[in-house]
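1. give me a model of this one.
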Amino acid sequence: KIQNWCWKYPSDLPFEWGINYENDLVPRDVRAFYRNSGLLFRHLRPRYERPDTLVLLAGENRMGGQGSQIVEGQLNSIRLLLDQRVRFATLADDYLESLPPNVKAIFYPLPYCPSDAIVERLAEFVDRGGQLYLSGDISYDSLRQRTRTSRLTQLCGVEFVSERFPNIQYQHGGMQTTPAGAAWPRYMAAPGIVTRLAGAKALLQAMDGMPIVTEFQRGKGRVIFSADPLELHGDPRYQHYAHEFYAALCRAMQLKAQPLEPADALVHCFPVPSQDERQIVVLVNHDVEKPAQSIAVPVEQRRVRLSLQPRMSGVVVSAPGKGILAIESSGDAFDGEQLLVGTNLHLMAISFNEQPLLKAQRLLLLPMGEGTIRIPNAARWKQPVVLAGEIAGSRWRQAETHKPAITGGQLEIAINADRALSMLIVCEDGEQGVVVEQMETWVNTPWTAGREA
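-> Residues are numbered from 1 along each chain as shown. Prediction:
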């Protein structure tokens, strides 16, 4: 989204973060990217659907001189879950009494010193059948004194033996792990405490048999406890074992992830619930090493393939019985083996009137770069025409009109520097006025969270 300060242009200093150039406020290129995203999403109606997985953010341990390290560790937990493509929400542990009733799994990274009331609520959650993951320690009180070691036995099924290092000073506490099964990774862990099993079973242990990750059945639920503050180890981008750990954790908790091919692609992928029958999938490629990634997303009974450049997003919008209605891709996009749109640049393609992209005679193309766009099944048009322009002052401002080339049954639209960030409308010759009016209505109708009229 565009932050309010993106529109601020102080007269007394250069401001390089706006979406316009100063003086005459000529739009920067980034403004076209915002516009394109707005055009794509403004005709969608997302519906909030409460996830059944929750990341609980500890509050007491964020106070003090090392609070920033805890915050970074909590963010690392969120990053790792995003990489597992698991839908989740967040909640501060101060509001645990407001825990939604549908929550089945809680991730509670690095709590260290929660209040007795919070621990009691977590125990009740597990007793009712919930799954709880804890990391680091929970045996400190609000004064940062280790006076609550009984929590480890009651909640985690392990008995405190001794301290390996104080609080979060894990840097010199490394030890090699050995998994109890093939599901968990072998890596250099840094457990802060020595424990012995007191009802739990070991999932990951040190070479000398000391438990590091344990699973404890309590009531109708279970607790997975890691004495290793894994989330403090650093940026997950450089900790491959951290991804393997969270993958094993999600499998153990039977959390459902959004399917994607290849499964190990560094791409975030999440479905967005809709108020209507449309299905929306949003992707973000956070891999900066590979030049581009070819991704396959299962949608309904079909398999949609698209390409994503590093740090670029993708979107697939479909409807049952209609097919793909809109797509964002950095290259050729396919519905199964059928080409939806061919391109060597990043673009969005949106059909008018919720017609499938493979059949629609009215298309909105939003290129973001120079190259070529190819539209299959050119026979759907008798006399195709391309309008290039922009919405200015709530009205369509025409820049040019041209007839696209047809090669091998495909429309070919060359995107030069002048067209690189323009809005392109493809329609039948003679329907320009109707389509432009529809475009103006589209962008001038205020977006509302409710269903479209």
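2. roughly how far does the nearest residue to residue 431 once chain neighbours are set aside sit from residue 351?
-> Closest residue in space to residue 431, ignoring its immediate chain neighbours: residue 362 at 7.4 Å, by C-beta to C-beta, 6 or more residues apart in numbering. C-beta: built from backbone N, CA, C; applies to glycine. Going from residue 362 to residue 351 by C-beta to C-beta, to the nearest Å gives 7 Å.
3. over to residue 95?
-> Applying C-beta to C-beta to residue 95 and residue 351 gives a distance of 43 Å.
4. which one of those two is surrounded by more residues?
-> residue 351 (22 against 11; other C-beta atoms under 10 Å).
5. my read: the more buried one touches residue 360, true?
-> Yes. Contact criterion C-beta atoms under 8 Å: residue 351 and residue 360 qualify, at 3.8 Å.
6. excluding chain neighbours, what is closest to residue 414?
-> In this structure, residue 414 finds its nearest non-sequential neighbour in residue 372, 5.8 Å apart by C-beta to C-beta, 6+ apart.
7. please, which helix or strand holds that neighbour?
-> Counting by DSSP states H and E, the element that carries residue 372 is strand 371-375.
8. mind listing what's buried in that strand?
-> 371, 373, 374, 375 (16 or more other C-beta atoms under 10 Å).
9. ok, it: who's next to it in the sheet?
-> Applying DSSP bridges to the sheet, strand 371-375 is found paired with strand 338-343 (antiparallel), strand 410-415 (antiparallel).
10. show me what the mean pLDDT comes to for that strand.
-> For strand 371-375, mean pLDDT rounds to 97.
11. and the next helix or strand past the longest helix seen in the chain?
-> Identified as the longest helix of the chain according to DSSP state H is helix 67-83. Using DSSP H and E, the helix or strand that follows helix 67-83 in sequence is strand 89-92.
12. can you list the residues that contact the helix or strand following that next one?
-> Following strand 89-92 in sequence order, the next helix or strand is strand 105-108 (DSSP H and E). Residues outside strand 105-108 that contact it (C-beta atoms under 8 Å, 6 or more residues apart in numbering) are 52-56, 58, 77, 81, 88, 93, 122, 125, 130-135, 253, 255.
13. please determine how far residue 230 is located from residue 85.
-> 19 Å.
14. who's more crowded, these two?
-> residue 230 (29 against 21).
15. show me what contacts the more buried one?
-> Here residue 230 is in contact with 135, 189, 242, 245 (criterion: C-beta under 8 Å, 6+ apart).
16. restricted to strands, list the residues you listed.
-> 135, 189 (DSSP state E).
17. filter the contacts of residue 230 down to the buried ones.
-> Buried, going by 16+ other C-beta under 10 Å: 135, 189, 242, 245, out of those.
18. can I get those in TSV including pLDDT and distance to residue 150?
-> TSV is the format used below for the buried ones among the contacts of residue 230 (pLDDT from 0 to 100; distance: C-beta to C-beta, whole Å):
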residue	pLDDT	distance to residue 150
135	97	19
189	94	24
242	95	30
245	96	27
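19. so which of those is the closest to residue 407?
-> residue 242 (48.7 Å; C-beta to C-beta).
20. and the residue nearest to residue 431, how far is that from residue 435?
-> 5 Å.
21. can you check residue 164 too?
-> For residue 164 relative to residue 435 (C-beta to C-beta), the value is 69 Å.
22. between these two, who's got more neighbours?
-> Neighbours were counted for residue 164 and for residue 435 using other C-beta under 10 Å; residue 435 has more, 21 against 17.
23. ok, residue 30 touching residue 19?
-> Yes. If you go by C-beta under 8 Å, residue 30 and residue 19 touch, sitting 5.7 Å apart.
24. let me know the helix or strand that residue 317 is in.
-> strand 313-319.
25. show me how far that strand is from its chain's centre.
-> Distance of strand 313-319 from the chain centroid (C-alpha atoms, centre = their mean, to the nearest Å) equals 14 Å.
26. direction included, what does it pair against?
-> strand 279-285 (antiparallel), strand 323-329 (antiparallel).
27. which non-adjacent residue is nearest residue 131?
-> residue 105 (4.4 Å).
28. residues in a beta bridge with that neighbour, which ones?
-> On the basis of DSSP bridges, residue 105 is bridged to residue 53, residue 131.
29. distance check, it against residue 17.
-> In terms of C-beta to C-beta, residue 105 sits 39 Å off from residue 17.
30. who has more neighbours, those two?
-> Per other C-beta under 10 Å, whichever of residue 105 and residue 17 has more neighbours is residue 105, with 23 against 10.
31. quick one: that one from residue 39, how far?
-> Residue 105 is 37 Å from residue 39, by C-beta to C-beta.
32. what does residue 87 give?
-> 26 Å.
33. just residue 17 next, same as before
-> 23 Å.
34. before we move on, what about residue 103?
-> Applying C-beta to C-beta to residue 103 and residue 39 gives a distance of 36 Å.
35. and residue 210, by the same measure?
-> From residue 210 over to residue 39 (counting by C-beta to C-beta), the distance is 57 Å.
36. swap in residue 337?
-> 29 Å.
37. please name the residues that touch residue 377.
-> 358, 359, 409, 410.
38. filter the residues you listed down to the buried ones, ChimeraX style.
-> Buried members of the contacts of residue 377, defined by 16+ other C-beta under 10 Å, are picked up in ChimeraX with:
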select :358,410
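39. want to try JSON lines for the contacts of residue 377, with secondary structure and pLDDT as columns?
-> Output for the contacts of residue 377, formatted as JSON lines (DSSP: H, G, I helix; E, B strand; the rest coil; pLDDT from 0 to 100):
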{"residue": "358", "secondary structure": "coil", "pLDDT": "94"}
{"residue": "359", "secondary structure": "coil", "pLDDT": "95"}
{"residue": "409", "secondary structure": "coil", "pLDDT": "94"}
{"residue": "410", "secondary structure": "strand", "pLDDT": "96"}
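40. can you put the strands paired with strand 371-375 in a markdown table and add distance to residue 394?
-> Converted to a markdown table, these look like this (distance: least, C-beta to C-beta, whole Å):
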| stretch | distance to residue 394 |
| --- | --- |
| strand 338-343 | 28 |
| strand 410-415 | 26 |
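41. for the stretch 1-150 of the chain, which spans come out with low pLDDT?
-> Along the stretch 1-150 of the chain, the parts satisfying pLDDT under 70 run over 1-13, 22-24.
42. excluding chain neighbours, what is closest to residue 267?
-> residue 285 (5.1 Å).
43. please name the residues that touch the one you found.
-> 265, 266, 267, 293, 295, 308, 309, 310, 311, 312, 313, 314.
44. wait, the last one sits on residue 295?
-> Yes. Between residue 314 and residue 295 a contact is recorded at 7.1 Å, counting by C-beta under 8 Å.
45. quick check: neighbours shared by those two?
-> Counting by C-beta under 8 Å, 6+ apart, the residues touching both residue 314 and residue 295 are 283, 285, 306, 308.
46. spatially nearest residue to the first one (excluding sequence neighbours)?
-> Once flanking residues are discounted, residue 283 sits nearest to residue 314: 4.0 Å by C-beta to C-beta, 6+ apart.
47. what distance do you get for that neighbour to residue 265?
-> Residue 314 is 12 Å from residue 265, by C-beta to C-beta.
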